[in-house]
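1. got a predicted structure here, sequence first:
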Amino acid sequence: MLLEMKNIMKLYGELAANKNVNINLKKGEILAIVGENGAGKSTIMKILYGLEQPTSGEIFLDGKKLHFNTPLDAMKHGIGMVQQHFMLFDSMTIAENIVYSNEIRKGIFYDKRRTNEAIKNLSEKYKLAINPEDIVEDCPVGMQQRVEILKVLYQRADIIIFDEPSAVLTPLEVDELLKTLKELAIMGKSLIIITHKLNEVMEVADRVVVMRAGEVVAECMKKDTNAEELSFLMVGRQIVTRVIDPKETTDIILKTRNLTLYGDGKRALDNINIHVDGGEIVGIAGVSGNGQSKLIRCIAGLQHIDEGHVYLQKKDVTNRKVFEIREAGLAYIPEDRYLWGSSVNATLWENALLGYESSYSKKGIFDMKKVYSHGAGLIMKYNVKAGSVFQKMKQLSGGNAQKIIVAREISKNTRLLIACEPTRGIDIGAIEYIHNKLVEKRNQGDGILLVSSELSEIMSLSDRIYVIYEGKIHGEFRRGDIDEQKMGFLMAGGELNEN
């Protein structure tokens, strides 16, 4: 056995994040660790990587007992980690990011030529095509993940931990990632994948460990199980596929007219005309980087529109201030929960209060009893795993942080909700709950504009779908007429004709 973690216990005060967890890994194996948010799967991997210290328990590598005080200790013993939120320097080149702190030098100077050559050889060896001289901030998300993987491989890691590796990837990028994982295993690397996406588990894993409430509740070979059984083990109940009934739409809530945005000498958004009616979910499907993020920021007032108009409930809100657009009836779940959606160093009650300030204050003074009650109510209603409203946002798992943001925005009861990646990094039980909440809002006669890199999410929830490609609306589908093959073709820039 290559790796053994025995009876790992991790306590945070009286809360047991891990309870006598036993995990082992063989050479060349892909092990998937699945479970709901707060199940303890990320904690056990942080202990293995030296980011956290166990309260008790032992770790053995090749039969030798070891203790990792820091990630540097873990890396010295061939353990690397590709984290969900990339740890890259945007202004540096791909090569500079990969060799950072382990630079190739000529004397005391950085040797750019030899570095680029070494990184090119490394990328060819592992079939991870990159250009060493590209600047990271100019790279799509899928390419940035390749950089993270190559960084770990450059450090000569034999055991690689992947934390929600496909959470920020498009469907095409996910396919490439899964191929990469299989190739790495064939080449002798041992992989541990923390994930909630069971279709990916069934695609690449050799063995699956299921965790719930800090404990290992099941362990099985992939060939001996299926996605339905794993989902039941993860949440302790059967996940029901929701059927969305057709609904008559009402008034037009959101409308854009010839919305245009210039950037780098071209049109980043080119005459966008879309609308969202009351009683419908409208999806925007597109490969990451084709303008959907810019479109949402323009609608929400976060980016200045060069030409065209945005109407919210018949009111022209073009280039109005964010709070004015909010007041006009917009709630917004942003695509990046930490950069745009929350204050990580603030408490849960403070994050729950964002956008509600005027509701709980009088003459600038907050009614703190009501403020705390509001935060606690959202935590309870959305089943957020948290100690109290005084806990900091950064202390929550990514999925539970997302639930706080979703709870806050949906609970505002606005006529329009923009939902960008509403279930990114969230477990299947929480996905089911959030999807039900979105459909419930739609059934109440409100409008939802949904942006997601999960094509299955767009297709299952949307009454209408716009396809966006290179800043243009490239097609439109209605529920019942959705053709996944045609949609994928349009997303890649293809043109459909009557034949």
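-> Cool, got the structure. All figures in this text were calculated on a predicted structure; none of them were measured in a lab.

2. what residue of the chain is the furthest out?
-> G107 (42.2 Å; CA atoms, centre = their mean).

3. number of nearby residues for I47?
-> Neighbours of I47 under the rule other CB atoms under 10 Å: 24. For glycine as for every other residue, the C-beta is placed from the backbone atoms N, C-alpha and C.

4. which strands or helices does the lowest-mean-pLDDT helix or strand in the chain pack on?
-> The weakest-scoring helix or strand in the chain, judged by mean pLDDT, DSSP states H and E, is helix 484-491 (a mean of 77). Packed against helix 484-491, as judged by 3 or more CB pairs under 8 Å, 6 or more residues apart in numbering; DSSP states H and E, are the following elements: helix 455-461, strand 464-469, strand 472-478.

5. just the helices in the stretch 51-200 of the chain please.
-> 71-76, 94-99, 112-125, 141-154, 171-186, 198-204 (DSSP state H, counting those that start in this stretch).

6. just these: most buried one?
-> helix 94-99 (a mean of 25; mean count of other CB atoms under 10 Å).

7. what is that helix packed up against?
-> Using 3+ CB pairs under 8 Å, 6+ apart, helix 94-99 is in contact with helix 112-125, helix 141-154.

8. looking at those, which is nearest to K65?
-> Closest to K65 of the helices and strands packed on helix 94-99, according to CB to CB: helix 141-154, at 24.0 Å.

9. quick one: contacts of that closest one?
-> Helix 141-154 has contacts (CB atoms under 8 Å, 6 or more residues apart in numbering) with 80-83, 86-88, 94, 97-100, 102, 119, 122-123, 126, 128-130, 134, 136, 139, 160, 165, 168-170, 172-173, 176-177, 180, 288.

10. name the spans of the stretch 101-250 of the chain whose pLDDT lies under the cut-off.
-> 167-171, 237-243 (pLDDT under 70).

11. winner for burial among the helices and strands packed on helix 484-491?
-> strand 464-469 (a mean of 22).

12. what are the contacting residues of stretch 230-237?
-> 34-36, 39, 196, 198, 201, 208, 210, 212, 217-218, 238-239, 427-429.

13. can you flag the buried ones in these?
-> Listed as buried from the contacts of stretch 230-237 are 34-36, 39, 196, 198, 201, 208, 210, 212, 218, 239, 427-429; burial here means 16 or more other CB atoms under 10 Å.

14. so for the helix or strand hosting W349, what gets flagged as buried?
-> Per DSSP states H and E, W349 falls inside helix 348-353. Going by neighbour count (16+ other CB under 10 Å), the buried part of helix 348-353 is 348-353.

15. which other helices and strands contact that helix?
-> Packed next to helix 348-353, using 3+ CB pairs under 8 Å, 6+ apart, are helix 368-381, helix 398-410.

16. for the last one, packing partners?
-> Using 3+ CB pairs under 8 Å, 6+ apart as the contact test, the elements touching helix 398-410 are strand 330-333, helix 348-353, helix 368-381, strand 416-420, helix 428-443.

17. can you redo the helices of the stretch 51-200 of the chain as TSV with distance to D264?
-> Shown next, in TSV, are those (distance: least, CB to CB, whole Å):
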stretch	distance to D264
helix 71-76	38
helix 94-99	21
helix 112-125	26
helix 141-154	18
helix 171-186	23
helix 198-204	35
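
18. which one of the ones you listed lies nearest to L302?
-> Comparing the helices of the stretch 51-200 of the chain by CB to CB, helix 141-154 comes nearest, at 19.3 Å.

19. pretty sure L11 sits against T55.
-> Yes. In this structure L11 lies within contact range of T55 using CB atoms under 8 Å: 4.6 Å.

20. pull the contacting residues for Y356.
-> With CB under 8 Å, 6+ apart, Y356 has these contacts: 374, 408, 412.

21. repeat for S397
-> So S397 contacts 37-38, 42, 385 (CB under 8 Å, 6+ apart).

22. can you report phi and psi for it?
-> phi -70, psi 160 (degrees, to the nearest 10).
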